[in-house]
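**Student:** The following comprises the amino acid sequence and a computationally predicted model.
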Amino acid sequence: MTSLIDVGTSVVIANATTKAFFGTNAWEFFTAGWFGRPNASGSWNLSLNELVMGAVHGGATLSGSTNTYGMSQSWQQLGVGAAIQKNVRDHGAQAIATMVMAPVASKLLKRVARKPISDMNRLLKSTGISTSVGVKI
């Protein structure tokens with residue numbers, strides 16, 4: 001069974017990771033440039049689409065770029081590696097703190113709210129939702 005609290009913790013950690021390396025949240029990183037959505041906005045914000053298209057078309061490299069992606073001249077000259085380094089400098093400390101604190105907060109929440117969580121899981125199981133969907137609180 002999948003715990004909704006654990007899924008929430010994973011989403012928080014994924015957001016912190018993509019913010020630290022790519023300057024944007026996980027949703028924006030994975031969907032920008034696909035499904036008719038525009039690429040990530042900002043010179044230092046990168047999306048998966050930009051990285052894939054740069055690798056496929058030989059545009060974005062660690063040392064420089066020959067493809068513009070609509071990014072600023074400073075980004076094109078410095079390359080993907082510089083963008084990732086800047087994002088880690090700007091967002092790395094916060095991301096590390098989030099990656100450490102989110103599981104701790106999740107575990108604390110599970111301990112403090114053990115009784116209400118247990119009651120909710122029992123209710124979900126009795127209605128058949130928990131077994132059919134495979135989800136618990």
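**Tutor:** Happy to help now that I have it.

**Student:** For S3, give the beta-bridge partners.
**Tutor:** S3 has these beta-bridge partners by DSSP bridges: K136.

**Student:** Tell me where the model's unsure across this structure.
**Tutor:** By pLDDT under 70, the weakly predicted segments of the chain are 39-43, 55-76.

**Student:** show me where it has helices.
**Tutor:** Using DSSP state H, the helices assigned to the chain run over residues 4-22, 26-31, 48-56, 73-78, 80-112, 114-127, 129-133.

**Student:** so A32 touches L51, yeah?
**Tutor:** No. Under the criterion of Cβ atoms under 8 Å, A32 makes no contact with L51, lying 10.8 Å away. Just so you know, the C-beta spots here come from the backbone N, C-alpha and C atoms, and that holds for glycine as well.

**Student:** Which of these two has more residues huddled nearby?
**Tutor:** A32 (21 against 18; other Cβ atoms under 10 Å).

**Student:** So what does the more buried one have for phi and psi?
**Tutor:** phi -60, psi 130 (degrees, to the nearest 10).

**Student:** Could you find the closest non-adjacent residue to it?
**Tutor:** S47 (3.7 Å; Cβ to Cβ, 6 or more residues apart in numbering).

**Student:** show me what contacts the one you found?
**Tutor:** 22, 24, 28-33, 39-40 (Cβ atoms under 8 Å, 6 or more residues apart in numbering).

**Student:** how about stretch 111-131: buried residues?
**Tutor:** 117, 121, 124, 130 (16 or more other Cβ atoms under 10 Å).

**Student:** I would like the residues contacting that stretch, please.
**Tutor:** For stretch 111-131, the surrounding residues in contact (Cβ under 8 Å, 6+ apart) are 1, 5, 110, 135-137.

**Student:** Thank you, goodbye.
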